[in-house]
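> Sequence first, predicted coordinates after that:
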Amino acid sequence: MNKKRLLIFGIGLIIAFVIASYLRKDEPRMYHITGQTMGTIIYNVKYIDRFKEGLDKEIADELVAFNQSLSTYIPSSEISTLNEQGSLSFQSKYFYPVLQTSREVFKATQGTFDPSIGPLVQAWGFGPNKTIPRLDSSTVDSLRSIIGFDQVQFDEAGVKQPANFQLDFGAIAKGYAVDVVAELLEAKGIGDYLVEIGGEVRCRGVNEEGKPWSLGIEDPTVSSDEQRLLAIVRLKDLSLATSGNYRNYYEKDGKIFAHIIDPRTGYTAKHNLLSASVFATDCMTADAYATAFMVLGVDYSKEIMKAQGLDGILVYRNRNGDLESYVSEGIKPFLEMNKTTGIK
C-alpha cells in the first residue's frame, strides 16, 4: 500500500514538474535583436512576448526594403529614381508617409526643416563628398534656387519635383526607420518594446521589470569617446530623437562651419544652441523637429514646442558662455539630470 502511494506521489510530482515547466516556457520573456542598417548604423530591438521568437530576419528584411526605397546611396532606390527623373510612381509603402510628415514639419517650422536642402549640404562639404568648399554668395544664391520643399508636388500615387531638385530624407531616416520597425512589432501584437536605431528611440509599454523604459541622453559638450550622459529619462509610449552640431563640423580660415544649414539663408545656422532632444508619439516627427530646432535656435524652438504640443530638452550657451539647459514642463517628471555635467 505504501509503495502504491509512493508511486502515485512520484507520478504526481512528475506531472507537476512538467506543467510548471510548460507554464514557465509560456511566460513572457525579453527578446533582444541587434544588427546594422544604413551602412554601419547599429540597431537594437527589445521586446517582451511569449512566442514571438525569430523576428531577426523579418526586421532585417524590413530595413532592407526601407533603404531600397529611401536611400540616396542606392542607385536603384525610389528616391534615386525620383532625383534622376524628376517624378516617381510609388512602388513601396514608405515614400508617401515621409513626404506627408516632411510637409507638416516644413510648414510648422517656417521652412527650416527642408528635405530638398541636399545640394547646399553637399556644397558646404557635409555630403558624401567631404571636400572643403570655397563658396561665395553667388554660388549660395544659385543653389538656393533649386531648393524649397513647398515646390514638391505629391499625392498617394506619386511625386513630382522641379528640375535639378535632389530630395534627401537623411535628416529623419533613422527616426522613420525606428517607426517602421516599431509598427512591424505592433502588427505582431507586441505591446512592450524599445526600438533604437543610431540613437533615435521609440518605446511602448514597459520593460521586463514592468517599469517605463530607461534611456540615457548624451552630454553634447564632451567628445564621443567620453560618452557622458546629460540625463536619464524614463519613457512609456513616447519617441525620442536628438540633433546637434557639436561634433559634425570643420574649421577653415579660423571659422567653424557646422553641418546644420539654414535653408532660408543657405549658410550654416548661427546661434547658441548645442543640441535639441525632442519627444513625440512617433520617432520620425521627433527627428524632424530636432533637426529644425538646430536651425531655429532656443527661443523659436520653445515657441514651436508649445504650439505643437511637443516636449524637449535644449542645451545651449548663455550670453556669458556658460552652459544651460531648457527642459519643457511635460517631460520634467520623467527626467533625471546628471548634476556632474555642470549644466544648469
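Everything's here; your move.

> Strand partners (parallel or antiparallel) of the host helix or strand of residue 276?
Per DSSP states H and E, residue 276 falls inside strand 273-280. With DSSP bridges as the test, strand 273-280 is paired with strand 238-244 (antiparallel), strand 311-317 (antiparallel).

> any chance of these in a markdown table, plus mean pLDDT and distance to residue 102?
(Each C-beta comes from the backbone N, C-alpha and C, glycine too.) Shown next, in a markdown table, are those (pLDDT from 0 to 100; distance: least, Cβ to Cβ, whole Å):
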| stretch | mean pLDDT | distance to residue 102 |
| --- | --- | --- |
| strand 238-244 | 93 | 15 |
| strand 311-317 | 92 | 19 |
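
> any idea which of these is most buried?
Across the strands paired with strand 273-280, averaging neighbours per residue (mean count of other Cβ atoms under 10 Å) puts strand 238-244 on top, at a mean of 25.

> From the chain's centroid, how far away is it?
6 Å (Cα atoms, centre = their mean, to the nearest Å).

> likewise stretch 215-235?
Using Cα atoms, centre = their mean, the mean C-alpha position of stretch 215-235 is found 16 Å from that of the whole chain.

> Name the residues of it that come out as buried.
By neighbour count with 16 or more other Cβ atoms under 10 Å, stretch 215-235 contains the buried residues 215, 217, 218, 219, 220, 221, 229, 230, 231, 233, 234, 235.

> swap in stretch 81-96?
Result for stretch 81-96 [16+ other Cβ under 10 Å]: buried residues 81, 82, 83, 88, 90, 94, 95, 96.

> mind listing the helices for the protein?
The residue ranges that make up the helices of the chain, judged by DSSP state H, are 2-26, 56-70, 78-85, 95-108, 118-123, 137-144, 173-187, 283-296, 298-308.

> what packs against the third one?
Translated: helix 78-85. Helices and strands touching helix 78-85, by 3 or more Cβ pairs under 8 Å, 6 or more residues apart in numbering; DSSP states H and E, are helix 56-70, strand 87-89.

> Tabulate those (a markdown table), appending mean pLDDT and distance to residue 144.
Formatted as a markdown table, the helices and strands packed on helix 78-85 follow (pLDDT from 0 to 100; distance: least, Cβ to Cβ, whole Å):
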| stretch | mean pLDDT | distance to residue 144 |
| --- | --- | --- |
| helix 56-70 | 97 | 24 |
| strand 87-89 | 97 | 23 |
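
> among those, which is the most enclosed?
The most buried one of the helices and strands packed on helix 78-85 (mean count of other Cβ under 10 Å) is helix 56-70, showing a mean of 17.

> Identify the residues contacting that helix?
Residues outside helix 56-70 that contact it (Cβ atoms under 8 Å, 6 or more residues apart in numbering) are 33, 35, 37-38, 43, 45, 74, 76-79, 91-92, 94-95, 98, 169, 173, 176-177, 180-181, 184.

> where does the chain have low pLDDT?
1-26, 52, 126-135, 223-226, 245-259, 340-342, 344 (pLDDT under 70).

> ok, now with 50
Applying pLDDT under 50 to the chain picks out residues 16-24, 247-257.

> In space, not sequence, find me the middle residue of it.
Nearest to the geometric centre of the chain sits residue 175, at 2.6 Å (Cα atoms, centre = their mean).
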